[in-house]
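> Would you be able to build a 3D model of this:
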Amino acid sequence: MQKTTPSSWAGFSLLELLVAFAVLALIMVMLVSITDATSKIWKGTTEKLQSFEEARAAFDRITSLLGQATLNPYWDYDNLTNPTIYVRTSELQFLSLPMALLPKDAAAFPTHGIFFQAPTGKVANQTDFGGIPLLLNAYGYFVEYGPDDRPSWLPSSVSTKYRFRLKEWRVPSENWTLYQNTSGTNTDGTLKKNTYLGAGSYNWINLNATPAKTLAENVIALVVYPKNTARTTVATSLAEADTFVYNSRTDSTTTEGINQKHQLPPEVEVIMVAIDETSAIRKWNNASAAPTLTAGLFQKPGATLTPTQLEADLKTLTGYLNTQKIKYITLRSTVKIRGARWSQGQ
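Numbering: from 1, shown residues only. Purely as a prediction, here's the structure:
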């Protein structure tokens, strides 16, 4: 029997070991790189979902409530002291317009606001009203740039966070004052509810008496586009105001020859653009002054709210966000208002 010696044992040479270690190191680098890329994709997707989850929920709330908007119209004399015909009338109001027309600072209140009434029966301070399911409530939605809603218990050491935010304005039913501004008559004997601009027009929209609450953060644009079933615009300019206005108290005729007075638009397209928190921090660094992000968009003097103009302005906004490498999401939906009874009558 032959005896083996250490010199005859099989093994790897130093060169082979070095090659093996190099291959192993390369595999480890590839695994780490793949793991890191997967982790970044997972983290980015999770952050995106979390960042825009609030915006999606807010968007669903707006579209759901908007579909319930009402004017509760009825037919009455055109003039109480000297009646000639019956006309459609209502004490309620449906209003969408650039927030600068309320008037509000165009930088701090960019794009549009929408205000309407809906029989939701959900907002009342007095418990006695809790059993009225169709109680009318007033709602308003708009974008505002400013400090966060700080609770009283938050210490002053916690810095104020300035952001774009989607605001929801709603008034308890017992504090709602619209009927005080629309019932009765004017000094000339005409119905006060027929006024649509000036004194008594927007008095029920008092954002100081009833502050709006934050519905979602980092929403930079809210665009409201009323249109008819033929998908052409019914939003018209008022002689005294800017463009992109729909006002159910308007006594003027649209470009389609339809009087929108005391009528709800059959359809309303709602567009909302939101960015993520990381982009907001990087871009504005908590600046107290409102950035002019959407200056001149969706409210250009002399322009008409048409599909072409709407898409052009939206493309300008999203193009800017892409250039600045800001992560964003665009939400849009066409809401059919169930209470709309569109007609060409007076």
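
> CA only for contacts and neighbour counts going forward, please
Noted.

> tally of neighbours for Gln263?
Residues lying near Gln263 (other CA atoms under 10 Å) number 27.

> Can you give me every residue that contacts it?
By CA atoms under 8 Å, 6 or more residues apart in numbering, the contact list for Gln263 reads 71, 73, 248, 340-342.

> which among those residues gets closest to Val143?
Ser248 (21.9 Å; CA to CA).

> Now do that closest one against Ala340, distance only.
Note on Ser248: its distance to Ala340, by CA to CA, to the nearest Å, is 12 Å.

> one step back: buried ones among the contacts of Gln263?
For these, a burial check counting by 16 or more other CA atoms under 10 Å picks out 71, 73, 248, 340, 342.

> So which of the residues you listed is the closest to Leu14?
Ala340 (85.6 Å).

> and that closest one, what pLDDT?
As predicted, Ala340 sits at a pLDDT of 83.

> show me what contacts it?
Ala340 touches 70, 263-266, counting by CA under 8 Å, 6+ apart.

> Now it: phi and psi?
phi -70, psi 130 (degrees, to the nearest 10).

> Give the closest residue to Ala295 in space, chain neighbours not counted.
Nearest residue to Ala295 in three dimensions, chain neighbours excluded: Ala107, at 6.9 Å (CA to CA, 6 or more residues apart in numbering).

> What helix or strand is the most centrally placed residue in the chain located in?
With distances taken as CA atoms, centre = their mean, Leu222 lies nearest the centre of the chain, 3.6 Å away. According to DSSP states H and E, Leu222 maps onto strand 219-227.

> can you list the residues that contact that strand?
Strand 219-227 is contacted from outside by 55, 96-97, 110-114, 142-143, 164-166, 233-235, 244, 246, 265-275, 293-294, 298, 305, using CA under 8 Å, 6+ apart.

> rerun at 6 Å
Here strand 219-227 makes contact (CA atoms under 6 Å, 6 or more residues apart in numbering) with 111-112, 164-166, 233-235, 265, 267-274.

> Repeat that for stretch 310-327.
275-276, 279, 297.

> Flag every buried residue along that stretch.
Buried, per 16+ other CA under 10 Å, within stretch 310-327: 310, 313-314, 317-318, 321, 326-327.

> same thing with stretch 95-114?
Applying 16+ other CA under 10 Å to stretch 95-114 flags 95-101, 106-114 as buried.

> From the opening residue of it to its closing one, how far?
End-to-end distance of stretch 95-114 (CA to CA): 6 Å.

> How far does that stretch sit from its chain's centre?
12 Å (CA atoms, centre = their mean, to the nearest Å).

> do stretch 74-94 as well
Here stretch 74-94 shows a centroid-to-chain-centroid distance of 33 Å under the convention CA atoms, centre = their mean.

> ok, now stretch 312-327?
Here the centre of stretch 312-327 is set off from its chain's centre by 17 Å, with CA atoms, centre = their mean.

> oh, and call the first residue 58 from now on, that's how I've got it
Renumbered: residue one is now 58, and that last one reads stretch 369-384.

> so where do the strands sit in the protein?
Secondary structure of the chain (DSSP state E): strands at 131-134, 143-146, 152-155, 169-175, 194-204, 219-228, 270-274, 276-284, 303-304, 324-332, 385-393.

> closest one to Thr95 among these?
Nearest to Thr95, of all the strands of the chain, is strand 385-393, at 21.4 Å by CA to CA.

> can you list contacts of the closest one?
Defining contact as CA under 6 Å, 6+ apart, one finds that strand 385-393 is touched by 124, 323-332.
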